[in-house]
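[1] sequence first, predicted model second:
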Amino acid sequence: MTTIEINVLAHEDEEFVINILTALAQKQIIEFDLVDSFPAEGPPLTEADLLTRLDKAEQGRS
């Protein structure tokens with residue numbers, strides 16, 4: 001198992017990200033815990049970027 005830290009850079013995107021993580025957890029693809037953290041540096045991902053990464057990850061599982 002690999003542990004990854006996810007930082008939501010924009011507060012208004014937090015619910016969207018949590019919904020995706022919850023859906024993945026319900027399919028038993030991931031496990032996740034919510035923890036408070038500090039903001040990460042780096043460019044924010046657009047919704048299209050995120051969906052592309054999810055698609056690529058799903059293809060890699062096949």
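    That came in fine, so what should we check first? Numbering: from 1, shown residues only.
[2] what's next to the longest helix along the chain, contact-wise?
    For the chain, the longest helix by residue count, based on DSSP state H, is helix 47-61. Contact with helix 47-61 is made by 16-17, 20, 29, 45, as judged by Cβ atoms under 8 Å, 6 or more residues apart in numbering. Every residue, glycine included, has its C-beta placed from N, CA and C.
[3] tell me which two of these sit farthest apart.
    In these, the most distant members under the criterion Cβ to Cβ are I29 and L45, with 18.8 Å between them.
[4] neighbour count for the two, which is higher?
    Applying other Cβ atoms under 10 Å to I29 and L45 shows that L45 carries more neighbours, namely 16 against 12.
[5] tally of neighbours for V8?
    Close neighbours of V8, defined as other Cβ under 10 Å, add up to 18.
[6] ok, now how distant is it from E14?
    To E14, V8 is 5 Å away according to Cβ to Cβ, to the nearest Å.
[7] only alpha carbons, please: show the least confident helix or strand in the chain by mean pLDDT as PDB.
    Least confident element among the helices and strands of the chain, by mean pLDDT, DSSP states H and E: helix 47-61 (a mean of 78). What follows is helix 47-61, C-alpha atoms only, in PDB (Å, rounded to 0.1, in the frame of the first residue of the first chain):
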ATOM      1  CA  GLU A  47     -11.300  19.800 -12.800                       C
ATOM      2  CA  ALA A  48     -10.300  18.600 -16.300                       C
ATOM      3  CA  ASP A  49      -6.800  17.900 -15.000                       C
ATOM      4  CA  LEU A  50      -8.100  15.900 -12.100                       C
ATOM      5  CA  LEU A  51     -10.500  13.800 -14.300                       C
ATOM      6  CA  THR A  52      -7.700  13.100 -16.700                       C
ATOM      7  CA  ARG A  53      -5.500  11.900 -13.900                       C
ATOM      8  CA  LEU A  54      -8.300   9.700 -12.500                       C
ATOM      9  CA  ASP A  55      -8.900   8.200 -16.000                       C
ATOM     10  CA  LYS A  56      -5.200   7.400 -16.400                       C
ATOM     11  CA  ALA A  57      -5.000   5.900 -12.900                       C
ATOM     12  CA  GLU A  58      -8.100   3.700 -13.700                       C
ATOM     13  CA  GLN A  59      -6.500   2.600 -17.000                       C
ATOM     14  CA  GLY A  60      -3.300   1.700 -15.200                       C
ATOM     15  CA  ARG A  61      -5.300  -0.600 -12.900                       C
END
